[in-house]
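[1] The following block contains a protein sequence and its predicted model.
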Amino acid sequence: MKINIRKYILSFSVAVLMPFVSAVAEERILLLNEGLWQTDNGRLTYFEDGRIVSNQWFRDVNGMKLGDTPNDIIQVNDDLVAIALNWSNIVQFIDRDGKAVAATEDVPNNRRLATDGEYLYVTSYGHECGTVSGTKTFTKGFVAKIDLKSFKTVDAVEVGYEPEGIALYKGHLFVANTGGYAFQENHEYEKTVTVLDASTLARVRDIDTNQINLYGKLSQSGQYLIVGSQGDDYEIQPTTVILDCEAALSGKSDEECFEVLEYAATNTCTATDGRFYAVGSRFSFITGDYTFNYLSIDPGEVIATDGKRGVYEEMPGTVISDLKTMTMPYGIYVNPYTGYIYATDAGSFATAGTLWQWTPEGKFVDKYRVYINPAHFLALKPGSGNINPIGAEKKDDHIYDLHGNRVKVPESGELYIRGGKKFILTNRE
C-alpha cells in the first residue's frame, strides 16, 4: 500500500502543535480608560496577545458601569485587583476574571494605590474618611488603610494637601503631596513627600523636595522612586525628583535623599532593567503650547553622581520616534513579565484613544483603538487564570503556521492552523 508521507507528517505536526495553540496567553493587559470627568464613562479594556478582547470588560462581566474617572489599578494578589474610581468615590475590587467582589465608599476623592498584600493603602484629596471606629475628619488630604479580608477601612491619617502618588518600601509608605488645589483654595502648593509607618500609619518624617505640585503615580525601582513635579503651568516649570527611600529611612538630611532633574516626568514606568522611562509634558498657559521630553533614567547612577549622569534620551528601537508621532502621549508601561512596551495616545482627550505596542527590543508591533483617555496599566501574570470578557471559554481565533508561530498576514493557498484545526486559506477568508 502506498502511504502519503506528506499528509501523514502534516497530520502529525497538527497533533503535536495543538497544546501550543491552546496555550495560555502571554500578553494580558488591563488598561484603565478615564473617560470624561463627571460623565460616569470610565472603562476597563482587556488586551490579550495582539487583540482587544473588550473595551468595556468590567461591564461585560458584571452588567454595570465601572464608574467615573478611574485613577489607578494595581494587583493585590494572584486573585484580586483594586481600582481607584476618583469621582465615583469608590475603590472597586475585582477577581482575576473581572468579576466585582467588593467595593468601599469610605474613601472619597481617592487617587492612587499601594499594597502589601494584606492591606490596601489609598491616597485621597478628601477631608473625611469612614473607618470601622467612626468617621475621621482632616484639614488636609489623607491616606486610608483597607483590610483586604473584610474590605473595610480600618484606619486613616492626614498627610499633605491633595496627596497623589504612594509607594511601599520596607514597611513604609512614601506619599507625594501636591497641593494641587492651590489655585482655588486657601493654601500653597505642597513640596513634601510624607513617610509613614505602614503598620501604624504614624508619620516618620516629611522630606522637603523644594519642588511644587508632586503630581501623578510613583514608579518604583527597588529603593528608588521617580516623582514628577508639575510646576504651576505658568512661571514654575515641571521637574523630576529621584528619591532614595533607603537614604530617607536611614535618617539622612532631606537634601541627601533626592536629586532634581530639569526634565518633566508626567507619565513614567519601570523597565525590566530597573531604569525608569519617562514621557514628560510641559504646558504653559502663557503660550498655550505643550513641549515634551522622552527619557530613560538610571536612578542609581543619578543618585551616585549627584544628578550629573544617569539621564538618557533613549529607549529601545523606535519607541521614542513613534512616541513623537502621537497627538498626546498619555501613558507608558513595560510588562514586567515579558518586557513588551506599551504607550497610549489620548488624542483630543474627548474621543477614543489608541494603545501602542512594541517588542522588548523596541520593534513596533501594532496600535489598537481603545476608549477615552487611556492612562493606567496592569499586566496580568501569564497563566494566572482564565480571563475572558463574559466568563465563557475563550476562543482562540488567531492563525498559526505549522510550526506554531502566529501569522499576522496569512497568504492565500497556504496551510494554517486556527482553533486547533488545520485549513487552507482562500481568498474568501
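    Cool, got the structure.

[2] what's in contact with stretch 226-238?
    By C-beta atoms under 8 Å, 6 or more residues apart in numbering, the surrounding residues in contact with stretch 226-238 are 165, 176, 178, 183, 189, 193, 209, 211-216, 218-219, 239-243, 258, 260, 262-266, 268, 276, 278, 280-286, 297, 299. For every residue, glycine as well, the C-beta is placed using N, CA and C.

[3] Out of those, which sit inside helices?
    Among the contacts of stretch 226-238, the ones falling in helices (DSSP state H) are Pro299.

[4] Quick check: PyMOL command selecting the buried ones in the contacts of stretch 226-238.
    Command for PyMOL, covering only those of the contacts of stretch 226-238 found buried under the criterion 16 or more other C-beta atoms under 10 Å:
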select buried, resi 165+176+178+189+193+209+211+212+213+214+215+216+218+219+239+240+241+242+243+258+260+263+264+265+266+268+276+278+280+281+282+283+297+299
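
[5] After the lowest-mean-pLDDT helix or strand in the chain, which helix or strand is next? Please name it.
    Sorting the helices and strands of the chain by mean pLDDT, DSSP states H and E puts helix 5-21 at the bottom, at a mean of 34. Sequence-wise, the next helix or strand downstream of helix 5-21 (DSSP states H and E) is strand 28-33.

[6] From the contact counts, what lies against that next one?
    The contact analysis (3 or more C-beta pairs under 8 Å, 6 or more residues apart in numbering; DSSP states H and E) places strand 28-33 against strand 43-48, strand 70-77, strand 364-372, strand 374-379.

[7] Can you list the strands that the longest one pairs with?
    Strand pairing for strand 364-372, determined by DSSP bridges: strand 352-358 (antiparallel).

[8] Also compute the angle for the strand it pairs with relative to strand 374-379, please.
    40 degrees (axes from the mean of the first three to the mean of the last three C-alpha atoms, to 10 degrees).

[9] Who is the residue nearest to Val107 when sequence neighbours are not counted paired with across the strands?
    Nearest non-adjacent residue to Val107, counting by C-beta to C-beta, 6 or more residues apart in numbering: Ala144, 4.5 Å away. Beta-bridge partners recorded for Ala144 (DSSP bridges): Val122, Ala156.

[10] Looking at Ala144 now. What's its pLDDT?
    pLDDT for Ala144: 98.

[11] ok, it to Ile341 distance?
    Between Ala144 and Ile341 the computed distance is 33 Å (C-beta to C-beta, to the nearest Å).

[12] again with Ala103
    Separation of Ala103 from Ile341 (C-beta to C-beta): 32 Å.

[13] Please identify which of these two sits among more neighbours.
    Using other C-beta atoms under 10 Å as the criterion, Ala103 and Ile341 rank with Ile341 on top: 28 against 17.

[14] which residues sit in contact with that one?
    Ile341 touches Met315, Pro316, Val319, Ile332, Tyr333, Val334, Asn335, Gln357, Trp358, Thr359, Pro360, Gly362, counting by C-beta under 8 Å, 6+ apart.

[15] So what sits opposite the closest residue to it other than its chain neighbours in the bridge?
    Excluding the flanking residues, the one nearest Ile341 by C-beta to C-beta, 6+ apart is Trp358, at 4.2 Å. Assessed by DSSP bridges, Trp358 has beta-bridge partners Ile341, Phe364.

[16] wouldn't Trp358 be in contact with Leu323 here?
    No. Using C-beta atoms under 8 Å, Trp358 is not in contact with Leu323, being 10.0 Å away.

[17] so where's the stretch 301-429 of the chain uncertain?
    384-398, 400-406, 408, 416-417, 419-423, 426-429 (pLDDT under 70).

[18] With neighbour numbers in mind, choose between Trp358 and Leu323.
    Between Trp358 and Leu323, counted using other C-beta under 10 Å, Trp358 has the larger neighbour count: 23 against 19.

[19] Enumerate every residue touching the more buried one.
    Contacts of Trp358 by C-beta under 8 Å, 6+ apart are Pro316, Gly317, Thr318, Val319, Asp322, Tyr340, Ile341, Tyr342, Phe364, Val365.

[20] Just the buried subset of the contacts of Ile341, written out for PyMOL, thanks.
    In PyMOL, a selection of the buried entries from the contacts of Ile341 looks like this (16+ other C-beta under 10 Å):
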select buried, resi 315+316+319+332+333+334+335+357+358+362
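
[21] Can you tell me which of the contacts of Ile341 is nearest Glu27?
    For these, the residue nearest Glu27 by C-beta to C-beta is Asn335; the value is 6.7 Å.

[22] Just grab the bridge partners of the residue lying closest to the closest one once chain neighbours are set aside for me.
    Leaving aside its sequence neighbours, Asn335 sits nearest to Ala379 (C-beta to C-beta, 6+ apart; 4.3 Å). Beta-bridge partners for Ala379, by DSSP bridges, are Ile29.

[23] If you tally nearby residues, what's the number for Ala379?
    19.

[24] Next: Asp298.
    Other residues within reach of Asp298 by the criterion other C-beta under 10 Å amount to 20.

[25] so who does it touch?
    Gly274, Arg275, Gly310, Val311, Tyr312.

[26] same check, this time on Thr268
    Contacts of Thr268 by C-beta under 8 Å, 6+ apart are Gly216, Lys217, Ser219, Ile226, Gly228, Phe276, Tyr277, Ala278, Val279, Ile332.

[27] and with 10 Å instead?
    Counting by C-beta atoms under 10 Å, 6 or more residues apart in numbering, Thr268 touches 165, 216-220, 225-228, 240, 276-280, 295, 297, 331-333.

[28] Tell me what it is bridged to.
    Ala278.

[29] Write a PyMOL command that selects only the buried members of the contacts of Trp358.
    A single PyMOL command selects the buried members of the contacts of Trp358 (16+ other C-beta under 10 Å):
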select buried, resi 316+319+322+340+341+342
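
[30] Using JSON lines, please lay out the contacts of Trp358 together with distance to Asp95.
    Formatted as JSON lines, the contacts of Trp358 follow (distance: C-beta to C-beta, whole Å):
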{"residue": "Pro316", "distance to Asp95": "34"}
{"residue": "Gly317", "distance to Asp95": "36"}
{"residue": "Thr318", "distance to Asp95": "37"}
{"residue": "Val319", "distance to Asp95": "33"}
{"residue": "Asp322", "distance to Asp95": "35"}
{"residue": "Tyr340", "distance to Asp95": "24"}
{"residue": "Ile341", "distance to Asp95": "28"}
{"residue": "Tyr342", "distance to Asp95": "23"}
{"residue": "Phe364", "distance to Asp95": "33"}
{"residue": "Val365", "distance to Asp95": "29"}
